[in-house]
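>>> Please find the sequence and the predicted model below.
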Amino acid sequence: MMTKHPQFSEPLPDGRLLCTLCPRECQLADEQRGLCFVRKREGDKIELTTYGRSSGFVIDPIEKKPLNHFYPGSSVLSFGTAGCNLSCKFCQNWDMSKSREMDILQSPATPEAIARAARDHECHSVAFTYNDPVIFYEYAVDTAIACHELDINTVAVTAGYINDTAREGFFQCMDAVNVDLKGFSESFYHEFCTGSLQPVLDTLEYLVSETQVWTEITTLLIPGENDSENELDAMTRWIAEHLGPDVPLHFSAFHPDYKLMTHPPTTHQSLLKAKRIALKNGLNYVYLGNVHDPENASTICPACGETVISRVGYTITEWHLNAKRNCVSCGQTLPGIFEPVHGTWGNRYQRIQL
């Protein structure tokens with residue numbers, strides 16, 4: 001199955017084609033590829049060169065995406081392809097996202113095969129992750145359609161760097177999304193990602209105000225670059241005012257990688273400082289990631305202060321929600337998408353072949 005998709009291209013007076021999928025808007029001569037590397041002009045069309053080819057398939061916890069309010073404890077079949085439409089100097093999946101070697105894609109799989117594999121392994125969801133699914137739009141959308149036919153949920157882990165003309169078609173096929181908000185200044189996006197902040201903010205506002213897609217946010221804190229008190233204050237104020245207090249925010253610890261090998265790792269104190277700022281500005285659900293900190297990986301009821309979901313790593317150790325997702329201590333309803341009983345996948349990581 002391959003759905004008929006929009007072309008996301010416009011002819012230019014000089015004969016090139018403008019790729020309109022993302023804000024980068026590459027201008028392509030025949031046989032030329034965009035910065036993402038996987039979208040290539042062939043004749044009068046721009047084709048996805050990695051359709052049906054993956055970097056491999058893994059079953060892991062939904063909390064690793066990270067999503068803490070979307071079927072907690074459940075398993076998710078995760079995969080990506082190659083390429084990316086941003087050039088983040090701190091990319092922690094650079095071996096895939098910046099790959100120029102198509103032979104990294106060792107696992108050919110149709111959308112239907114992926115959906116069947118998720119069903120056969122009793123996965124609750126399929127996640128498009130590791131590199132940004134926006135650039136493999138057609139493959140992700142077709143896979144999402146196949147998953148929904150088998151009652152499998154779909155998750156996009158994305159930087160949200162997509163044009164408004166493509167947003168509806170992409171996100172209407174997703175049940176949940178984690179948006180990587182990389183910083184909160186145009187200068188940071190320009191210097192460290194060769195991109196722009198505003199399209200990401202537009203995507204976040206679109207998701208929360210115009211869709212039913214469950215949305216969470218992750219920010220990787222890089223010491224001295226995007227972790228100042230002023231920037232964190234501005235970012236969390238914006239989230240509270242434009243998205244509301246109940247969108248979960250994950251602050252994740254940076255470790256030296258790719259082109260930022262000389263930067264120090266994020267300290268635990270820096271993560272705690274960021275969380276304090278976010279809570280002060282009214283956000284109700286703030287988590288710390290890439291560190292072992294069960295207290296700050298757990299979900300706290302904002303009304304009574306009791307722990308409603310305790311986590312050690314990705315394993316749920318306590319569950320204090322009733323069947324209607326209310327805090328058993330005070331009755332506060334927890335935002336998100338839950339089942340009456342949490343999943344038990346825990347910290348397992350299982351590589352599979354399709």
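Nice, thanks for sending it over. Numbering: from 1, shown residues only.

>>> Find the nearest non-adjacent residue to Val141, please.
Distance criterion CB to CB, 6 or more residues apart in numbering; nearest residue to Val141, sequence neighbours excluded, is Cys173 at 5.0 Å. No exception for glycine: its C-beta is placed from N, CA and C like everyone else's.

>>> any idea how far that neighbour is from Asp164?
According to CB to CB, to the nearest Å, Cys173 stands 17 Å off from Asp164.

>>> Same check on Phe37?
24 Å.

>>> Compare neighbour counts for these two and give me the winner.
For Phe37 versus Asp164, neighbours defined as other CB atoms under 10 Å are more numerous around Phe37 (19 against 12).

>>> Test my guess that the more buried one contacts Thr81.
No: here Phe37 does not reach Thr81: they are 10.3 Å apart, not a contact under CB atoms under 8 Å.

>>> Strands of the stretch 201-350 of the chain, start to end?
With DSSP state E, counting those that start in this stretch, the ranges of strands along the stretch 201-350 of the chain come out as 214-221, 249-253, 286-289, 299-300, 307-312, 315-319, 350-352.

>>> and Arg53, which of these is closest to it?
Among the strands of the stretch 201-350 of the chain, the nearest to Arg53 by CB to CB is strand 350-352 (16.2 Å).

>>> Name the residues of the closest one that come out as buried.
The neighbour-count check on strand 350-352 (16 or more other CB atoms under 10 Å) flags Ile352 as buried.

>>> Could you name the helices and strands sitting against that strand?
Using 3 or more CB pairs under 8 Å, 6 or more residues apart in numbering; DSSP states H and E as the contact test, the elements touching strand 350-352 are strand 57-61.

>>> Next, the contact list for the residue nearest to Thr154 when sequence neighbours are not counted, please.
Distances taken as CB to CB, 6+ apart put Ala144 closest to Thr154, at 4.2 Å, once the chain neighbours are dropped. Listed by CB atoms under 8 Å, 6 or more residues apart in numbering, the contact set of Ala144 reads Val126, Thr154, Cys173, Met174.

>>> By neighbour count, which of those wins?
These, ranked by neighbours (other CB under 10 Å): first place Val126, 29 neighbours.

>>> so what pLDDT did that one get?
Looking at Val126, its pLDDT is 98.

>>> next one: Ile217
What the model reports for Ile217 is a pLDDT of 98.

>>> I'd say it and Ile239 touch.
Yes: using CB under 8 Å, Ile217 makes contact with Ile239 at a distance of 6.9 Å.

>>> anything in contact with each of the two?
Val247, Leu249.

>>> Relative to Glu149, how far out is the residue nearest to Val141?
Distance from Cys173 to Glu149, by CB to CB: 12 Å.

>>> And stretch 180-194, what's buried?
Going by 16+ other CB under 10 Å, stretch 180-194 has these buried residues: Asp180, Leu181, Lys182, Gly183, Phe184, Ser185, Phe188, Tyr189, Phe192, Cys193.

>>> okay if I get those as JSON lines plus distance to Ser270 and secondary structure?
Shown next, in JSON lines, are the buried residues of stretch 180-194 (distance: CB to CB, whole Å; DSSP: H, G, I helix; E, B strand; the rest coil):
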{"residue": "Asp180", "distance to Ser270": "18", "secondary structure": "strand"}
{"residue": "Leu181", "distance to Ser270": "17", "secondary structure": "coil"}
{"residue": "Lys182", "distance to Ser270": "16", "secondary structure": "coil"}
{"residue": "Gly183", "distance to Ser270": "14", "secondary structure": "coil"}
{"residue": "Phe184", "distance to Ser270": "15", "secondary structure": "coil"}
{"residue": "Ser185", "distance to Ser270": "17", "secondary structure": "coil"}
{"residue": "Phe188", "distance to Ser270": "16", "secondary structure": "helix"}
{"residue": "Tyr189", "distance to Ser270": "20", "secondary structure": "helix"}
{"residue": "Phe192", "distance to Ser270": "17", "secondary structure": "helix"}
{"residue": "Cys193", "distance to Ser270": "20", "secondary structure": "helix"}
